Each structure stands twice: as C-alpha cells, then as structure tokens.
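Novice: the sequence isn't on hand, but the structure is:
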C-alpha cells in the first residue's frame, strides 16, 4: 500500500473537522480531510448554536463567512412553560459573550465549511472512507477510495466522525453513558409563516413530560423538534408519524396555528439524546473532537458549541507546542474540564425541567416560585457556556433548597 505524509488528517468534514482543517491549513499545516459523503444530506440534528458557541466560531475565524452564506443571527429567545411565555430574552444584551444565536440548515453549513477548508489549502477527499486508524508516533489512517486501499500517515489524526463514532471502537476507548435522557425528534418544514422568525422558541411542559423547540431558518423554513423522556421509548419516524409529532408539539404548548400549513421538506426522525462521552479524548497521536469526543443533549443541545470549542482548543494547543503529543494531551485535559461543566449544568436542567414523577414535581413546586422572583437562580450555562460558576451552592439555590 502506498504511504503518504500529512501534518493532520481529519476523519470527518463537518463543523469540527472542517473548521480545524481550515484553521491549521491557514497556519501552514499540510491537511487532509476525509469525508465519506459526496454531498451532505439533511439529517435531524442541532441547527441553533448558542452564544458561547458563536464566540468559539468567532475565534475560529468563520463567523462572517457563515453569516454571509448560510447562517441567520437570532437575537431573541422565547421560553414558554405550560403554553405561557415566561421569557423574551435579548441574548445580545444578557449573554456572557454579548452575542446572538446562529441558526443554519446543518448540511448547508457543512458544505460552506468544507469548501472553506479546501480554499484555505486543505486537501479534501469526498466519497472516501476511513476503515481504521493506527495510533503511534506517526499515526495512520486506512483509506478506502474507488476500490483502492491506502495507508496514510500524519503527525496527528483527528477523528471527527460524529455521535456514532467508529474511531472510539478502533481505539478501544470506553464510552461513558448516562442512564437517563431524552428522545428528540425533528423535521425540517416549510410553509410556516405563523412562526415568528426573529426568535428561537422553547416550549416546556414539565409535568406531562412533553417539550418542543422551533428554530426558524428563513425563507419560510423552520426546523421543528419535539421530545419526551427516554423511558417512554416512542420514536417518531417517517411521514406517517407527522400528525402525532404535531399533536405532541401542541401538547407542549406550541400554538396549533403555527403548524396549520406545515409541509415537511426533510425526514422526520428521532435520535437518542443521552449523554455519551470519552474521558481524555486523545491517545498516541489520535484526537477525538466534536460528538466523537462527547455529545450532550438531555436538556438543551450543546453539541455544535462543543464541536466549535474542541476545534478551537485543539488548534490553539497545536500552535502553542512543537511537540504535538504534548498538545494532544493538553487538549484532552481542557476538554475534560469544560465538558464536565457542560455535563453538570445539563444535569441540573434535566432534573428541574425534564425529569418526570413525584420527586421532580415536588422539586419544581418548591423552586419555580423562587425562580419567578429571582430568575438569576437558573444557571446560564446553555447560553453562556462552561465558564459560569457551578457547584453544590449553585445547585441548591437553583433547586430552591436555600
């Protein structure tokens, strides 16, 4: 098998892989991006990135590019509990980073960023498949392309192959998983003119355990989500489930008229939003980033923000160290720190807003009146990110225990 040499190979050309490839190519690295899809397709996944993730996108130098191509700036966040709007939040005025959310159609964003990586000098191979990685001082990727098998070596291999990462299995890295979480269903729709398109809309109905989120995408398009506790074990799948999906969304508090002219233009599908993560996502020349390293969705989707932070932190460590093994471990240590914070506050939010049963109802009955008087009791991690104060004192105050 012929061998080729690169500084970095990224396995996966989505948000994390492409932005890292672009950033490192701009800094003179020889980069190869391996992306199995010849054209990205619509899938059900996050399309609203919170302000702390937008701050990472700015640091990666792709903010203006995304705004000028596929992204929409969303200043407002509306929250409804039991169908009643409880918050109309100005994100630019109130978030830690003083930034809006960014909305985009996920596959449109991916096409923009993989092209940007190529324009920056990265080599991109689409329709190619990584079939294995070999750790070591000069790690390698086994690549299948047009019936040919190659072994390609690099100083560093970065696996950004998503929530169902096979790289974790190749490296024999144990995956940690929560026993709780949500089942999240979504569909891309058009003909939704009644959905206010200047805000993202969260609908929470904690007691019955039904929830919804609408993420306007412009040009009459909206990504609509509905979710429920994992233990209910019902998955919306395919066009025949669309009426039930709408029914559950209306139960969560979405005005029925918002769906009166709804036309699906993408698949209706469900994924498991349980936390999954790898401790210390680096070993022997192989780094995991994005959902391959950690995914967290039991309360509020943080995956895109985490992916951007992973790419930025790994870039910074690679540029700061001549020894990339040192850089890899430094990245992994940082990842463990900030993911632990994300994990902690999403756990708080899950217990307060999404858990069902008598204990959860009692917690909300105690805490909600106090939160109504002092909204700052709610930790702002999902908007402002993992650098906010956390810990037992914050939890007890949030839960109305002091």
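Specialist: Noted; the coordinates are in hand. Predicted model, so just to flag it, every value in this text is computed and none were measured. Numbers count the residues shown, from 1 in each chain.

Novice: make it CA atoms for all contacts and neighbour counts henceforth
Specialist: OK.

Novice: distance check, residue 69 against residue 52.
Specialist: 21 Å (C-alpha to C-alpha, to the nearest Å).

Novice: the two: who's more crowded?
Specialist: residue 52 (28 against 12; other C-alpha atoms under 10 Å).

Novice: for this structure, which spans come out with low pLDDT?
Specialist: 1-4, 297-300 (pLDDT under 70).

Novice: same thing but at 50, please
Specialist: Within the chain, the stretches with pLDDT under 50 are 1-2, 299.

Novice: care to break it down by domain?
Specialist: Residue ranges for the domains of the chain, per automatic domain parsing: 3-70+105-178+275-343, 182-272.

Novice: list the buried residues in the longest strand seen in the chain.
Specialist: The longest strand of the chain (DSSP state E) is strand 148-159. For strand 148-159, a neighbour-count test (16 or more other C-alpha atoms under 10 Å) marks 150, 151, 152, 153, 154, 155, 156, 157, 158, 159 as buried.

Novice: which outside residues touch that strand?
Specialist: Residues from elsewhere that reach strand 148-159 (C-alpha atoms under 8 Å, 6 or more residues apart in numbering): 1-12, 17, 137-144, 167, 285-289, 292, 324.

Novice: again, 7 Å this time
Specialist: Residues outside strand 148-159 that contact it (C-alpha atoms under 7 Å, 6 or more residues apart in numbering): 1-12, 138-144, 167, 285-289.

Novice: list the neighbouring strands of it plus their orientation.
Specialist: The pairing partners recorded for strand 148-159 under DSSP bridges are strand 3-11 (parallel), strand 140-145 (antiparallel), strand 286-288 (parallel).

Novice: so which of these is the most packed in?
Specialist: Of those, the one with the most neighbours on average (mean count of other C-alpha atoms under 10 Å) is strand 286-288, at a mean of 28.

Novice: so what's the residue nearest to residue 153 when sequence neighbours are not counted up against?
Specialist: Leaving out its chain neighbours, the residue that sits closest to residue 153 by C-alpha to C-alpha, 6 or more residues apart in numbering is residue 140, at 4.1 Å. The contact partners of residue 140, taken as C-alpha under 7 Å, 6+ apart, are 133, 134, 151, 152, 153, 154.

Novice: try 10 Å this time
Specialist: When contacts are counted by C-alpha atoms under 10 Å, 6 or more residues apart in numbering, residue 140 is found next to 3-6, 9, 132-134, 150-157, 285-286.

Novice: start to end distance for stretch 88-108?
Specialist: Using C-alpha to C-alpha, the two ends of stretch 88-108 sit 28 Å apart.

Novice: let's number from 36 now, not from 1
Specialist: Yep, numbering from 36; the last one is stretch 123-143 now.

Novice: helix/strand/coil for residue 377?
Specialist: The local conformation at residue 377, judged by DSSP: H, G, I helix; E, B strand; the rest coil, is helix.

Novice: so what's the closest residue to it other than its chain neighbours up against?
Specialist: Of all residues not flanking residue 377 in the chain, residue 421 sits nearest, at 5.5 Å (C-alpha to C-alpha, 6+ apart). Listed by C-alpha under 10 Å, 6+ apart, the contact set of residue 421 reads 87, 341, 372, 373, 374, 375, 376, 377, 378, 379, 380, 415.

Novice: among those residues, which two are most distant?
Specialist: The two members of the contacts of residue 421 with the most space between them (C-alpha to C-alpha) are 372 and 415, at 17.5 Å.

Novice: more crowded one of these two?
Specialist: The neighbour comparison of residue 372 against residue 415 (other C-alpha under 10 Å) goes to residue 415, with 18 against 14.

Novice: among the buried residues of strand 183-194, which one lies nearest to residue 253?
Specialist: residue 194 (32.4 Å).

Novice: distance of the closest one from residue 318?
Specialist: Using C-alpha to C-alpha, residue 194 is found at 11 Å from residue 318.

Novice: likewise residue 346?
Specialist: For residue 346, the distance to residue 318 equals 17 Å [C-alpha to C-alpha].

Novice: ok, back up a step: so for residue 397, which of the domains of the chain sits nearest?
Specialist: Judging the domains of the chain by C-alpha to C-alpha, what sits closest to residue 397 is domain 217-307, at 10.4 Å.

Novice: quick check: end-to-end length of stretch 413-426?
Specialist: Stretch 413-426 stretches 13 Å from its first residue to its last (C-alpha to C-alpha).

Novice: gap between the strand or helix carrying residue 262 and the chain center?
Specialist: Assessed by DSSP states H and E, residue 262 sits inside strand 256-264. The chain centre lies 15 Å from the centre of strand 256-264; the measure is C-alpha atoms, centre = their mean, to the nearest Å.

Novice: all set, thanks.
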